[in-house]
Each structure stands twice: as C-alpha cells, then as structure tokens.
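Trainee: Structure of the sequence below:
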Amino acid sequence: MGLQNGTHDAETFDILIVGAGIAGINAAYRLQTELPGATFTILEGRGTIGGTWDLFRYPGIRSDSDLFTFGFQWEPWPYETPIAKGPLIREYLNNCVTKYKLDQYMQFHHKVLTADWSIKTKQWKITAEHDGQKKEYRANWVVLGTGYYDYENPLKTVIPGLENFKGKVIHPQYWPEDYDHSGKKMVIIGSGATAITLLPTLAETAAAVTMVQRTPTYIVTMSNGSPAKSWFMSLFPKKFSGTWLRILYLWTGYLFVLFSRYCPNAARFVVLKKATSQLPERIPLSPHFEPPYTPWQQRLCLSPDGDFYQALRDYPDTQVVTGQIDTVTESGLRMKDGTTLEADALVTATGLRMRMGGNVAVTIDGVKVDWAGRVLWHGSMIQDVPNMMFMIGYTDASWTLGADSSAHILVRLQKYMRSKGITSAVPRVPQQGFTEYRKFWQLTSTYRDQAEKTLPKYGNTGPWKPKNSPPLDWLHGKWGDIVTGLQFSS
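Mentor: This is a model prediction of the structure:
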C-alpha cells in the first residue's frame, strides 16, 4: 500500500477522534458545543456510525442497560421504553448526528493503524488505511472512542469436538443475514447478555431452544415501561421528562450497585427470590439460576418485562442446561452427565475478546506503548502517554455515563492548557507508587480473566483511583481537579 499523504501535506487537527460509536459521537458534540474554536475529525473504520449497534445484528439485539442513561445527556432518549432493540438505537444515534450536524466531522472507511507521538514536535502522527491506501494525519490530541472489545475477532473458547458438528455454527458477532431459524432446533452455548436476549427471540419461531451454560447468571426482570407514561409527566416538556428519567435511572441503578457491593447476600436473596417467582414448575432455580458469585461480581443480565422467563413458561421446548460439555457430536451436544441435546444450529455466545484502543499501534518516538500494567489517570488517560484520552465507560452502569465524564475532562483540560500556553499533558505516577493496585475491568468474567495480562490498572489514591461512581465522576468531570497527576510542558 502506498502512502497517500506525505509528511508535508498531512491534514492537521487539534483533536483526532478514533471511532464513531456512541463515545465518539458524544465527544464530538462536547467539542463542537464547548470548544468551538477547536478543529477536529472522527476517523471510523466502518462505513457508518453506531459501533456496537451497527456491528451486532443477531435476532433481538437490544440494549442491556437503560437508554435514559445510555442515551446522550444533551439529547434525551425520546421513547418510553428504557430497553430498546438495535434498529431503534441506530435510528436514535443517526437522528442525533443529523440534528447536530456531527456528520461533517466524520470520515468513514478510515481504519486507524498507528499513532506515533513526537517528543520534539509535541504532535501525534496518525496513519489510517482508506481504500487500500495509507493516509497520514497530524493532531495535538488523540481521543480513543474505540470501546473495549475486538470487532474482528470474537473470544475464542474451546468447545470439545466442535469440528464434528454437521449443522450450522453461528457466532452472534457475525450472525448471517440470510439464516432462517424457523422450525430449527437451536442450542445457545453461553449465559451472558447475548444468550439471554437470543433465547426469547428464537423461541418465537424455532422448534426448540436450549441455553447451555457452564455457570449461571443473575437475570433481573426490568419493567420496559417508564414513569414518563404517567399523566403527571405528560404535563412537562419532553426535554424535562428526559432529564428527570435520566437522573431517576442513574440513581436507581447506582443504589442497587451499592446495595450489592455492601450487602451482597441480601442482594443475592432479593434477585433469586424474584427469579423463583417467574420460573415455570418444570425448571428449578438450582442449579440453573444460582451463580456461585454475588450480584455485580459479574454483569447482571436484564430481561425487559421478564421476556426470558416468559419464554420458558410459554414454550415447553425451551430449556436451560447447566454443566460441562463432554463433546460436540455430528447432531448436537453430549454433556458430561450423559445428557444429549439435538441441534440444527449451535450459537457460540461465549463472549467478547477484550482489546484496548481499537488495535491502534501506539508509539512514542517509535517506541511501542504497551498498555499492560500502566496506571490510569481518572479512568481517562494512561500513565506516561501524552495528549491521549480514552472514552471509557462503566461495567456496572451505562457506558455513556463514563464516556461523558471523560469528555467533560477533555474539554476542560483543553481550555486550561490553552489559557496557560501548554502544549502537552502527561500522566505521571507518583514516585512512592501505591499501597495496592486495582483491576481495570472490575468484574470476574471469563473474558476479563483472559485479557487481564494485557490491560492497564488503577492505583488506590487521588486521580489514580477507579472510576466507579457515576454521580461523583460526573461532578468531577464538570468541576473537579483535573491538574493533579499531570506533568505539563509548553
């Protein structure tokens, strides 16, 4: 591939955003609105906006957190349902981009390959691939709105004998558009949000649906109506009701996380009691719905209006099997306890492969930056890497809340640096270090464990502490200290 732009004619921006998903869109809005003098662009490797919501097209794809907090603060989710399916989320994102003319900053089919910081010029040199050619950009800052998982490669899980299967093997990340599951015997391997979404959707037309899980998951029913339906709320403008609902859902979710964190056994009792009341008599709570961990040690799965439990009640050929797979046969699965399951298709909903920074090769004067072991500053910048920010969300709350806190820090930091004539900001860990370190991804999920050695981490003091409190992080993003822990230079 040739180099389309030489150094002398590379496009130069104040800020270059990688990724046109929800984090990148939000960052663009904040820059356009609060830093109108800045020049910036968004490079997106795919052909449209939306990130996750454009990539995943499996049946029933929907949000696994409420849209009143997952949507943007500056354009409240306009619909009454807090949980929504992929097409409606894509429509919302497209409407937001169009309304605020954010598409003018976007360059599609531009896959960012490398970003190299020059200590001499205090600029990033970014290389992107577009139509088989390499293009070069210069930027004072790079913002990574790339999410946390690998778009090209799903998590690889060993399923014994999978090569023996004569039917269809499908990974949800690459669901074939032309596959018709009607009348088919479907076996879903996995118990995360994808599996919990797929089961009730497939059950509507499939001959049988079985979810095979090694470990149970907490599945929490959530009403898919909202208080906005009340006559009282109808008296107020939609902008007001949207803001009120955002606050309500933010605090409701956060208080339950705190309850789970400090009263884990009580939280477990509440969740399991509710699950017991919704299960059909033919399916017992144990071992299928009693995880060996407490709530929020791993993600909770949401079931809007209890659709997962409703499917188990309404469709006798829908079931859950808990245990170890012995082997895949030509026609299905054999479990280690001797149970056999026939299948026309196996859906490997085994999780996502975590990947920091969208696989962009980051270097400083040509020396590779390895994320592993580096410490995060306010969950937004990484130790010893200048002028680069991550739009990182939460594991136990909506992703957008965390990304927006970082966007506020980005804007305030830009204003501060401009007012002082500063050109670079580098997070520097204090010489005394920390008494303990904390994990970047604060869950015990398999995909986290497999990626742990490649991930950065948190300290336990000051700006190095984990970002895990949406209300407090928002307050900090708007008004908190954004200077401590950074080394500035002109």
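
Trainee: buried stuff in stretch 297-311?
Mentor: 297-304, 306-311 (16 or more other C-beta atoms under 10 Å). No exception for glycine: its C-beta is placed from N, CA and C like everyone else's.

Trainee: Among the residues you listed, name the ones in helices.
Mentor: Asp307, Phe308, Tyr309, Gln310, Ala311 (DSSP state H).

Trainee: got a markdown table for those residues, with distance to Gln431 and pLDDT too?
Mentor: Output for those, formatted as a markdown table (distance: C-beta to C-beta, whole Å; pLDDT from 0 to 100):
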| residue | distance to Gln431 | pLDDT |
| --- | --- | --- |
| Asp307 | 54 | 97 |
| Phe308 | 51 | 97 |
| Tyr309 | 54 | 97 |
| Gln310 | 58 | 97 |
| Ala311 | 57 | 98 |
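
Trainee: What ranges does the stretch 1-150 of the chain have for its strands?
Mentor: Counting by DSSP state E, counting those that start in this stretch, one finds strands in the stretch 1-150 of the chain at the ranges 11-18, 40-43, 106-107, 111-118, 123-130, 133-144.

Trainee: I'd like to know which of these lies nearest to Arg418.
Mentor: strand 11-18 (9.5 Å; C-beta to C-beta).

Trainee: Give the partner strands of that closest one in its sheet and their orientations.
Mentor: Sheet pairing for strand 11-18, assigned by DSSP bridges, gives strand 40-43 (parallel), strand 133-144 (parallel).

Trainee: Which of these sits closest to Met211?
Mentor: strand 133-144 (34.5 Å).

Trainee: buried residues in that closest one?
Mentor: In strand 133-144, counting by 16+ other C-beta under 10 Å, buried: Lys135, Glu136, Tyr137, Arg138, Ala139, Asn140, Trp141, Val142, Val143, Leu144.

Trainee: of the buried residues of stretch 297-311, closest to Val375?
Mentor: Closest to Val375, out of all of these and judged by C-beta to C-beta, is Gln297, at 23.2 Å.

Trainee: and that closest one, how far is that from Ile17?
Mentor: As judged by C-beta to C-beta, to the nearest Å, Gln297 and Ile17 stand 33 Å apart.

Trainee: list the contacts for the closest residue to Asp404 other than its chain neighbours?
Mentor: Distance criterion C-beta to C-beta, 6 or more residues apart in numbering; nearest residue to Asp404, sequence neighbours excluded, is Asn26 at 5.7 Å. Taking C-beta atoms under 8 Å, 6 or more residues apart in numbering as the contact definition, Asn26 lies against Phe72, Gly145, Met391, Thr400, Ala403, Asp404, Ala407.

Trainee: just the buried members of the residues you listed?
Mentor: Buried by 16+ other C-beta under 10 Å: Phe72, Gly145, Met391, Thr400, Ala403, Asp404, Ala407, out of the contacts of Asn26.

Trainee: that's a helix at the last one, yeah?
Mentor: Going back to what we said before, that points to Ala407. Yes - according to DSSP: H, G, I helix; E, B strand; the rest coil, Ala407 belongs to a helix.

Trainee: Could you chop this protein up by domain?
Mentor: 7-152+353-489, 162-348 (automatic domain parsing).
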